[in-house]
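Peer 1: here are the coordinates; sequence isn't available:
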């Protein structure tokens with residue numbers, strides 16, 4: 001894989017599209033590795049128990065696998081091969097947490113690691129490029145389904161599906177009634193924030209159609225883009241959770257509220273994506289419930 005032109009030779013308006021192409025190729029390569037390693041490391045489904053392939057991070061329920069670290073190493077190697085001067089922020093190896101001049105890549109080697117462990121087919125690889133803390137290109141690959149979502153700022157959001165010859169343009173749902181909204185959400189690994197999130201969803205649930213909890217925020221945001229859900233709300237996401245998916249949802253017409261680019265999960269900022277026809281009303285509902293405020297750890 002190689003960039004067609006170095007950054008300094010690309011017209012400014014073409015840079016997001018070039019970065020999106022790189023993001024898609026890198027994410028798909030990492031997803032192929034993750035897909036292969038899932039079959040090698042764990043049973044097809046069911047509890048995986050303890051073993052050398054699994055360790056934990058923030059809490060006992062927050063796992064990381066060798067496939068996570070391998071995937072991020074592969075992503076970093078591929079990006080270094082075509083964009084050696086760019087900064088990288090990754091979930092497993094950290095990196096450029098602050099905004100600096102030039103392009104910053106924000107990567108999640110496996111979003112939905114618990115699903116990956118158990119064999120639940122909802123986990124993704126996410127790769128985004130940011131300039132001045134704003135995502136200008138991104139790709140999310142649904143690993144199990146082999147579906148790629150991608151966007152470049154200002155050019156729309158697109159989906160590549162197995163067997164389809166051409167990509168499909170994504171559009172958020174034309175829903176206009178919050179009471180009929182299907183809302184995706186997620187929960188943190190710390191007990192205190194989980195209690196707050198559970199209380200918020202309990203107050204929200206009577207005012208909407210229903211709630212879905214897939215366990216991979218990047219996929220949730222892409223599902224808003226594709227119309228598989230009508231909205232997504234979650235507190236405490238890190239930049240690698242929303243950098244690509246948030247752009248994809250926005251380019252599909254969703255109204256998106258994102259945390260600051262330098263925020264961390266512990267800050268508890270909300271990430272919200274809403275189909276445009278319900279955005280004003282859903283925003284008002286969340287505001288009334290305190291859902292637009294930061295939630296404690």
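Peer 2: Nice, I can see it. Predicted model, so just to flag it, every value in this text is computed and none were measured.
Peer 1: what about residue 165? Give its phi and psi, please.
Peer 2: Backbone torsions for residue 165, taken as degrees, to the nearest 10, come to phi -70, psi -40.
Peer 1: tell me, how many neighbours does it end up with?
Peer 2: For residue 165, the neighbour count with other C-beta atoms under 10 Å is 6. (C-beta placed from N, C-alpha, C; glycine too.)
Peer 1: repeat for residue 74
Peer 2: Residue 74, neighbours per other C-beta under 10 Å, totals 18.
Peer 1: can you mark which positions in stretch 130-142 are buried?
Peer 2: Under the neighbour-count criterion of 16 or more other C-beta atoms under 10 Å, stretch 130-142 has 130, 131, 133, 135, 136, 137, 138, 139, 140, 141, 142 buried.
Peer 1: what's the answer for stretch 260-278, then?
Peer 2: Across stretch 260-278, burial judged by 16+ other C-beta under 10 Å covers 261, 263, 265, 267-278.
Peer 1: and it, average pLDDT?
Peer 2: The average pLDDT within stretch 260-278 is 96.
Peer 1: show me where pLDDT drops low in the chain?
Peer 2: 1-12, 46-52, 57, 61-62 (pLDDT under 70).
Peer 1: mark out where each domain of it begins and ends.
Peer 2: What automatic domain parsing lists as the domains of the chain is 7-169, 178-289.
Peer 1: any chance of these in CSV, with distance to residue 296 too?
Peer 2: Below are the domains of the chain laid out as CSV (distance: least, C-beta to C-beta, whole Å):
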stretch, distance to residue 296
domain 7-169, 15
domain 178-289, 6
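Peer 1: could you point out which of these sits nearest residue 295?
Peer 2: Closest approach to residue 295 among the domains of the chain is made by domain 178-289 (4.1 Å; C-beta to C-beta).
Peer 1: gap between the two ends of that closest one?
Peer 2: The first and last residues of domain 178-289 sit 14 Å apart, counting by C-alpha to C-alpha, to the nearest Å.
Peer 1: just the helices in the chain please.
Peer 2: For the chain, helices defined by DSSP state H occupy the ranges 15-41, 66-82, 113-118, 191-204, 217-226, 239-251, 279-289.
Peer 1: for the second one, what is the distance to the chain centroid?
Peer 2: Distance of helix 66-82 from the chain centroid (C-alpha atoms, centre = their mean, to the nearest Å) equals 17 Å.
Peer 1: same check on the last one?
Peer 2: The offset between the C-alpha centroid of helix 279-289 and the centroid of the whole chain comes to 23 Å, using C-alpha atoms, centre = their mean.
Peer 1: helices and strands around it, which ones?
Peer 2: Judged by 3 or more C-beta pairs under 8 Å, 6 or more residues apart in numbering; DSSP states H and E, the packing partners of helix 279-289 are helix 191-204, strand 255-257, strand 270-274.
Peer 1: packing partners of the shortest one?
Peer 2: Other helices and strands packing on strand 255-257, by 3+ C-beta pairs under 8 Å, 6+ apart, are helix 239-251, strand 270-274, helix 279-289.
Peer 1: any idea how far residue 193 is from the nearest residue to residue 190 once chain neighbours are set aside?
Peer 2: Distances taken as C-beta to C-beta, 6 or more residues apart in numbering put residue 297 closest to residue 190, at 5.2 Å, once the chain neighbours are dropped. Per C-beta to C-beta, to the nearest Å, residue 297 is found 6 Å from residue 193.
Peer 1: mind checking which of those two has more residues around it?
Peer 2: Between residue 297 and residue 193, counting by other C-beta under 10 Å, residue 193 is the more crowded of the two (19 against 16).
Peer 1: mind listing what the more buried one touches?
Peer 2: Residues near residue 193 by C-beta atoms under 8 Å, 6 or more residues apart in numbering: 187, 235, 236, 268, 295, 296, 297.
Peer 1: and if we set it to 7 Å?
Peer 2: Taking C-beta atoms under 7 Å, 6 or more residues apart in numbering, we find residue 193 in contact with 235, 236, 268, 295, 296, 297.
Peer 1: what does residue 90 give?
Peer 2: The neighbourhood of residue 90, defined by C-beta under 7 Å, 6+ apart, consists of 72, 76, 107, 109, 240.
Peer 1: what of residue 108?
Peer 2: By C-beta under 7 Å, 6+ apart, the contact list for residue 108 reads 91, 126, 218, 240, 241.
Peer 1: and which of the residues you listed is nearest residue 252?
Peer 2: residue 218 (14.1 Å).
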